[in-house]
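**Student:** turn this into a model:
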Amino acid sequence: MSAGEVRDFLERHGLLARRDLGQNFLCESSLAERLVDEAQVSASDTVIEIGTGQGVLTRALAARAARVLTLEVDAGLVRALRAEACLPGNSELLHADVLEVDLVALASGCTPPVRLVANLPYSISGPVLRRLIDLRDCVEGWSVMLQREVAARLLAQPGSRAYGSLTVLHRLTVEVDRALELSPGCFHPPPQVRSSFLRMRPLADSPLEPGELPRVERVVRAAFGQRRKTLANALRGGDLDPPASADQIARALQAAGVDARARAETLAPERLVAVARALRSGSAA
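**Tutor:** Residues are numbered from 1 along each chain as shown. Okay, the predicted model is just below:
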């Protein structure tokens, strides 16, 4: 499908690419096939796709996988796709908002192995990426199209400006690989930024204990919530549960072997886990 065919499809149904939904439609079938390769989709897989668009990637996925369950939030696109019977028989189109649907229940109800592929609107990439982490026990992995700057955050190293809470949460739970870089011309309408396609797989040996992520996440978000402050001050002003006093925070940092004057962006993910565990031990003491 070319950019012209994308425009024709929209015009036939009185539709426009919606800026409020961050719609930039993939318009190269050969590229879609390469994305399927990079996502490591196999013939036995059930694939959950986020963002059907005009079905370019959906058709490529359906040609490889056993089944595709594809989610589209735009009611106009859903009507158009159904009216033109655009999608293969082994795909199912759902009118759904990825920020509202229960992804864990959806994935758990699919025949394994399950993979997820998404062309995410850049405006909601952060919240969706966090939700995908919760799928790590019920999918083989997920591959996501992102704004290049967001991809850089997931791949950042401690000490860099891009390193933040989203980086840490991913490092503790999944392996992240950059698969492809895409230019604006691969989409219609062309976005103002370049895009990256990342592949993620749950870690076989996560440093986290079972059920530990929510508590660690609370500490990590507090630590990065005020990046210019020292870690001790950021934690004092953060939303910890249970709350910790200045003395408790000081003792926890000492127990974790972390300088209270350090900033969160300088610490490896494992050090932040150590801080969270020390705070937990201190609150239980």
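**Student:** all strands of the stretch 101-250 of the chain, in order?
**Tutor:** According to DSSP state E, counting those that start in this stretch, the stretch 101-250 of the chain carries its strands in the segments 114-119, 141-147, 174-182, 187-188, 195-202.
**Student:** now tell me what touches the first one from outside.
**Tutor:** To tie it back to what came earlier, the one meant is strand 114-119. 26, 35-36, 39-41, 45-51, 53, 57, 61, 65, 98, 107, 128, 132, 135, 138-145 (CB atoms under 8 Å, 6 or more residues apart in numbering). In this view, the C-beta of every residue, glycine as well, is placed from N, C-alpha and C.
**Student:** that older thread, what would the strands of the stretch 101-250 of the chain look like in a markdown table with mean neighbour count, distance to residue 31 and mean pLDDT?
**Tutor:** Listed next are the strands of the stretch 101-250 of the chain as a markdown table, based on neighbours: other CB atoms under 10 Å; distance: least, CB to CB, whole Å; pLDDT from 0 to 100:
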| stretch | mean neighbour count | distance to residue 31 | mean pLDDT |
| --- | --- | --- | --- |
| strand 114-119 | 25 | 11 | 96 |
| strand 141-147 | 24 | 11 | 96 |
| strand 174-182 | 16 | 7 | 95 |
| strand 187-188 | 24 | 10 | 90 |
| strand 195-202 | 21 | 10 | 97 |
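**Student:** go through the ones you listed and name the closest to residue 11.
**Tutor:** strand 187-188 (12.1 Å; CB to CB).
**Student:** what average pLDDT does the longest helix seen in the chain get?
**Tutor:** Ranked by residue count under DSSP state H, the longest helix found in the chain is helix 269-284. On average, the pLDDT along helix 269-284 is 88.
**Student:** buried residues, it. List them.
**Tutor:** The neighbour-count criterion (16 or more other CB atoms under 10 Å) identifies 269, 271, 272, 273, 274, 275, 276, 277, 278, 279, 280, 282 as the buried residues of helix 269-284.
**Student:** stretch 11-24 now?
**Tutor:** For stretch 11-24, using 16+ other CB under 10 Å, the buried residues are 15, 17, 22, 23, 24.
**Student:** output those as TSV; include the columns pLDDT and secondary structure.
**Tutor:** Listed next are the buried residues of stretch 11-24 as TSV, based on pLDDT from 0 to 100; DSSP: H, G, I helix; E, B strand; the rest coil:
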residue	pLDDT	secondary structure
15	86	coil
17	83	coil
22	82	coil
23	85	coil
24	89	coil
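**Student:** let me have the buried residues of helix 269-284 in TSV, extended by distance to residue 171.
**Tutor:** Formatted as TSV, the buried residues of helix 269-284 follow (distance: CB to CB, whole Å):
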residue	distance to residue 171
269	4
271	11
272	10
273	10
274	14
275	15
276	14
277	16
278	19
279	20
280	20
282	24
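**Student:** got a list of what the closest residue in space to residue 197 that isn't next to it in sequence touches?
**Tutor:** What sits nearest to residue 197 in space, not counting adjacent residues and going by CB to CB, 6 or more residues apart in numbering, is residue 180, at 4.2 Å. With contacts defined as CB under 8 Å, 6+ apart, residue 180 is in contact with 34, 35, 38, 196, 197.
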